[in-house]
Each structure stands twice: as C-alpha cells, then as structure tokens.
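Student: Provided below are the primary sequence and the corresponding predicted coordinates.
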Amino acid sequence: MKREFRFIIIGILATIVACSPSEKQEKERFRLFWPNSKGDYGFKDIKVHGLKNKNEVRGNHLRVYVNPRVEGDKVIGDRPSAKFVRSKKGVNVPADALSHQMVAAFAHVNRLKKLSSKWLSKKITSPNFILFHKNFSGGDGRKSRNNAHFVSSLDSMVLVPQTKKSKIPTALNAGVIAHEFFHSIFAETIGKLHEEYEKISGFIVWPKENLDSTESDTLVEEYIETEIDDEVLDQIKPDPRDFDPNDLEIRKMNSLMLSSMNEGFADIWGWIYSGDTNYFEKSFPHQSTQRQIKIANRGLIGHGSHLHLVRNFQLRELKTSWYTSGNRYANLVFSVADLYQKGKLLIDDESTKSWKETQVFVASWILETLKDISKEAAIHAQMGKMELFSDGALLYSLLAKLNEEKASESLCKILVGGETFFLNDFPSELDEQCSSVARRVSRRPGRGS
Amino acid sequence: MSFRVQICPLFLFLLLLLFVGPTSAAETYLGLGISARLERETESRDTVDAIVPYFFEAGVGEGKWRFMGELLYYNDKTSESFVEIELTHYEMNLLGKYHPWREVSSYLPIFGAGIGFIQENVETRIGGEVDRVEGDVEPVFIGSVGFLSTFSESNPIGFGLDIRALYSESFDPEVEFDIGGRINFIF
C-alpha cells in the first residue's frame, strides 16, 4: 500500500509539471523564405491569410495538390499533409522541404489575389489550384523542369521541380509566382478569345483527349508545332465570322500580339508584386538577358514585324517571339511607371508617387489595355469580319489614363523615341502632344530595306 | 518552456526511484529500442510512411506493474528543389504498464498508458542561408499494448514489443501509431 502511494505521488508530480499551461500561441504565422520590399530574401515570420487548413494547405478558393491526375478539366488528387513544428513564439515552421514550398506558394498566390483585387477594383479568384508536379510535360514531351506554368483550362498554376541550382527555388520566387498568376488575370479578362486564338493558330493546344484518360496519372502539356496547312484548317470550328486564309493570317498576328502582351504584362506583374526587377535571374539565370525589365524602352513590336514573323518563321520561332515581343511591352510599361513614380509623367504634375500608387497605376493601365482589346474583338465579331487589333492598344489606354493632360517631354521621349516602333496604329494625339520629339520610324522587316 | 524544464519529470521520477529504492521484489532495468512510427506522407494524406526513432529507457518493475521513462530520438532530412530541411525530434515519455496475466505467460498482453513531451527543432537551408528554429514542447498522451518477456536477476535480459497510439494536438491527424521493439537489462 505504502509503495503504491509513492507511485501515485510520483505520477501526480510528473503530471502537474507536464500539464502546466503554456503561453497562448498565435498559429497563423509561418516561418518562410520570403522577400523584403527590395526583393532580398531571408527567413521571416509571415502571416498567411485564408488558410482554412494548414496541413492540407487549403483555403476557400485555393488548394494545393502534389502530383495530381487530371480527368477532363478537373484536377483529381489526394489532399497533402504538410508538416510543421510550432516554435516557442507560436510560429509554424515547415518541417520538410515540400511543406515549405507548398505554404510559401499558397501565401504568395493568396496575397496576389487580395492585392490584385485591390489594384484592379474587381474580385480575382483564379487560380483555384497550385499543382506541384514532377511529371508535367513540356512541349517537347520531356518532363518540365526549372519552370512554372499556368494552365487556364485547369485553373491551375503548375510548379515543377528545380534541377538547376539557383538563388531562389521557383516555388518561393515571389516574382515568378506573380508572373504565372497574371496569366490567370489575362485568361479571365481575354478569356475565351485567347484560347480560341491559341487553338486556331496552333501555338498551344491542350490535348484534352490525353487528359480525359482516367488511367493517366500524369499531366501532359504538348505544344503542337505545325505549319498552318489544310489539316489545321479542318480543325477549325465553324465560325460566324467570314473566314479565309487571309483571315487566318490576321488571327495569327492577333494571337501573337495577345501572347506577347500576356508574357510582357506577366513580367510586369512579377515586378509590381515583388518590387524586384531582377526576379527572373534569381531562379532562371539562363533567361536573365531575355527577360530584363529594367532596360531602356526599345519600342513595341507592331504588326509590321509580326507580319514578317508570321510569314517567315516556323511556329517554334513565333513562340520564342512571345517572350521577345513581350519583353518590349514590359520595358515600355516599366519606363512609364518609373516616370509616374518620379512625378515626371505629365507637364503639370511633378508630385512623386508612392509605390502603392505606382502599383495601382500599372495594374489598372494593363487591365484597361486588355479590356480595350476585348471590346475590339467584340466589335469585330459583330461586324462578322476579323480585323487586326490595334497594335497601339497599350498607348491608347495610357492616353486615356493621362486624362487629356499633356505628356511630359520625358514621356514623349519614351513613347515616340523608341528605335523600332513598327506600330501601324500609333495614336495621333501622342504625335501631336509630342511634336517636339521626332518619332523615329525605322525599317519594317519584310517590307524591303 | 524549454525541453530542459520539461524533461524535469523524468529526472524527478528517477530521483524519486532512488529515494524510494527498489524493494527486494523490484527489478530496476535499462533498455534500448527501435520503433517504426507511422506518419502521413506530405504528398498525400491517404498514404503513410514510417519514420524510425531510437530510444533509451529506464524503469522499475514489481509484480504486475512496470514504470518507465524513455528518451526517444530521430532525425529526418528532406531536400526538394534546393530547399533542404532537417528535422530533429526529441521525445521523453513516462509510462506505466500493467501485465494482468504475468503469472500465466509473459507473452500475453501487457497494457500501458503514459504522458510524454515532444520537442522538434528545424534547420532550413535555402539559397545559402540557414535558419535554425527550436520548437516548443508539446505534450503527448500514450496508450500501448504489447508483450514483454519475463526477466529477473537470474535471467537479466528481456525483450518486448508494443504497439502504441499517441495523441497530440501537434500531430496531423492527432493520433499516430507506433510499433517498437526493445531489449532490457536488469541491473
């Protein structure tokens, strides 16, 4: 009896110590490799909003899957089980490499939804899925590596493994995530229009027949690279618009312009979200020269060049040109945004702008451009005749934003001083406003010289 | 609260054992063991993976009862897309076990229950930067069933196997299972 009593005492003591209350902990913070406002990365305690279940990395409008399969347009996967250790400060520290990347990507996309909704004054809910996929295939049939993708038909951002060492893994790169995120805004704004163009021009076709298979547990992306020929024409669905081979050429050019804008504006979205003009270099050093944002504006590539590209190059080269032409859009937007922030955009306005104001300026400018193109397309559809979109759409929407105030000389130098302006549709108002700065119209490829 | 403070009950327990002193009928023993703890895989919560903790234990047994303290450890390194994370897990458990059919056979089930404390530390390496975070101490409640061979001064080596259910708010799900084997030495 005496001995049993001793054991009871021991048990009581141990239990009292063990069960003493600990501090109440805040659970929504996560220890993540996160950028500061200058784009420098370090370990920080980040509040992640919208996370309904941290272990499943799930929110109301955003879920993460690892290596899911696809049935039709549906992503089917198991719920993940992210692991965390709670620090003494009550911060959730990811306990394995995948958990860290899943939560970081979730946090960036969720922030992007909130910020973009604010910038654009409209609710952005896409994408609904972030897929970490090791079997996602690139255009050449090989598994995609060192890259990120947005697949609009699946409403998914796809992050693939990084095999080349870089400063920042893709899933943690705020700029790269924002770049892919922009494609969802583009898809939402331009939507079906862009998909239609992609299919007609044969740049990208998502092979649904492969994805419908329930046996397949891998995602497949195939770029169908083929000359436009009778076979492709046969694939085109009947269209109320008057359609002929010339029309197809127009569509190809419009598609090239849309794709270029999609990539160029996405590069800018990466910058306005991360505050970093060099974010590509941090994950993709091999692309750093092709994707520089902060370089002097070299002018937009207009229809003149696009016609040349469409007539003289294979689709493979056209695809590469999305990024090249897109980079021109990025350079122009960056140069103008820089003037805006410095208060040098207008003759009568010399007030410097905050970074937040600059973000809103850039985002709304891009959105207005996309809306203008959608309106153009709607008008073409009504007319029953497809025509070229205005290659000066970005400048027209900028003019609208200037609200009839006069462009400064610095702005004029950027807008009309570029060396390779091949724009067919250059706004005449800008020519008038910037009469002191001579517009240089240089050679147009494919038209002699 | 640090793990040093939380580990206090184990030392308190051992200290009291010293004061109480094993009676002539009691057996004081040390043990070593290895177990397989089932956890959900990060990729999919519908599949499980086993991690392998090692443990050291000290205890006292008398008649049908055994009381023991355990120190358990494992280390888990993961690397993906140049994100490297090393998790170090320390666990200290206090258990009481009851062997209702000891006289019949040592191979009949022995039941146990106890409380434990877990501390995990995380070292993360990304882009040349290193971050070390010490986790908070989390309590864990344990129930077990298994067998334990009879051992005595004349037969000083015993062995055992048990299946445990561990409950902690820090687990996902809150209950995890573990199967462990041990070898004990009477001193």
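Tutor: Ah, there it is. Numbering: from 1, shown residues only, chains lettered A, B, ... in the order given.

Student: what comes up buried for stretch A:107-124?
Tutor: A:107-113, A:115-116, A:119-120, A:124 (16 or more other Cβ atoms under 10 Å in any protein chain shown). For every residue, glycine as well, the C-beta is placed using N, CA and C.

Student: Please convert the residues you listed to CSV, extending it with distance to chain B, secondary structure and pLDDT.
Tutor: Shown next, in CSV, are these (distance: Cβ to the nearest Cβ, whole Å; DSSP: H, G, I helix; E, B strand; the rest coil; pLDDT from 0 to 100):
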residue, distance to chain B, secondary structure, pLDDT
A:Ala107, 15, helix, 97
A:His108, 15, helix, 97
A:Val109, 17, helix, 97
A:Asn110, 20, helix, 95
A:Arg111, 19, helix, 95
A:Leu112, 20, helix, 96
A:Lys113, 24, helix, 96
A:Leu115, 24, helix, 94
A:Ser116, 26, helix, 94
A:Trp119, 29, helix, 93
A:Leu120, 31, helix, 91
A:Ile124, 27, coil, 92
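
Student: Next, the closest residue to chain B within the stretch 201-350 of chain A: phi, psi?
Tutor: Minimum separation of the stretch 201-350 of chain A from chain B (Cβ to the nearest Cβ) falls at A:Lys282, amounting to 8.3 Å. When read as degrees, to the nearest 10, the backbone of A:Lys282 gives phi -70, psi -30.

Student: can you give me the strands for the chain?
Tutor: No chain was given, so I picked chain A. A:29-35, A:41-47, A:63-66, A:69-71, A:74-76, A:84-86, A:92-94, A:129-132, A:148-151, A:156-159 (DSSP state E).

Student: Let me rephrase: I mean chain B.
Tutor: B:27-40, B:48-51, B:54-62, B:65-80, B:83-98, B:110-126, B:129-134, B:138-148, B:157-167, B:175-186.

Student: I'd like the ones you listed as CSV, with distance to chain A appended.
Tutor: Formatted as CSV, the strands of chain B follow (distance: least, Cβ to the nearest Cβ, whole Å):
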stretch, distance to chain A
strand B:27-40, 4
strand B:48-51, 10
strand B:54-62, 7
strand B:65-80, 4
strand B:83-98, 4
strand B:110-126, 4
strand B:129-134, 4
strand B:138-148, 6
strand B:157-167, 14
strand B:175-186, 12
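
Student: so can I have TSV of those strands showing mean pLDDT and mean neighbour count?
Tutor: Listed next are those as TSV, based on pLDDT from 0 to 100; neighbours: other Cβ atoms under 10 Å in any protein chain shown:
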stretch	mean pLDDT	mean neighbour count
strand B:27-40	92	17
strand B:48-51	92	14
strand B:54-62	90	19
strand B:65-80	93	18
strand B:83-98	95	21
strand B:110-126	95	21
strand B:129-134	97	14
strand B:138-148	93	18
strand B:157-167	92	17
strand B:175-186	91	17
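
Student: Can you check which of those gets nearest to A:Lys89?
Tutor: strand B:129-134 (8.9 Å; Cβ to Cβ).

Student: Throw the strands of chain B into JSON lines and include distance to A:Asn53, thanks.
Tutor: Below are these laid out as JSON lines (distance: least, Cβ to Cβ, whole Å):
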{"stretch": "strand B:27-40", "distance to A:Asn53": "13"}
{"stretch": "strand B:48-51", "distance to A:Asn53": "19"}
{"stretch": "strand B:54-62", "distance to A:Asn53": "32"}
{"stretch": "strand B:65-80", "distance to A:Asn53": "21"}
{"stretch": "strand B:83-98", "distance to A:Asn53": "21"}
{"stretch": "strand B:110-126", "distance to A:Asn53": "20"}
{"stretch": "strand B:129-134", "distance to A:Asn53": "22"}
{"stretch": "strand B:138-148", "distance to A:Asn53": "19"}
{"stretch": "strand B:157-167", "distance to A:Asn53": "19"}
{"stretch": "strand B:175-186", "distance to A:Asn53": "17"}
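
Student: Among the ones you listed, which comes closest to A:Ser153?
Tutor: When the strands of chain B are ranked by proximity to A:Ser153 (Cβ to Cβ), strand B:65-80 comes first, at 26.9 Å.
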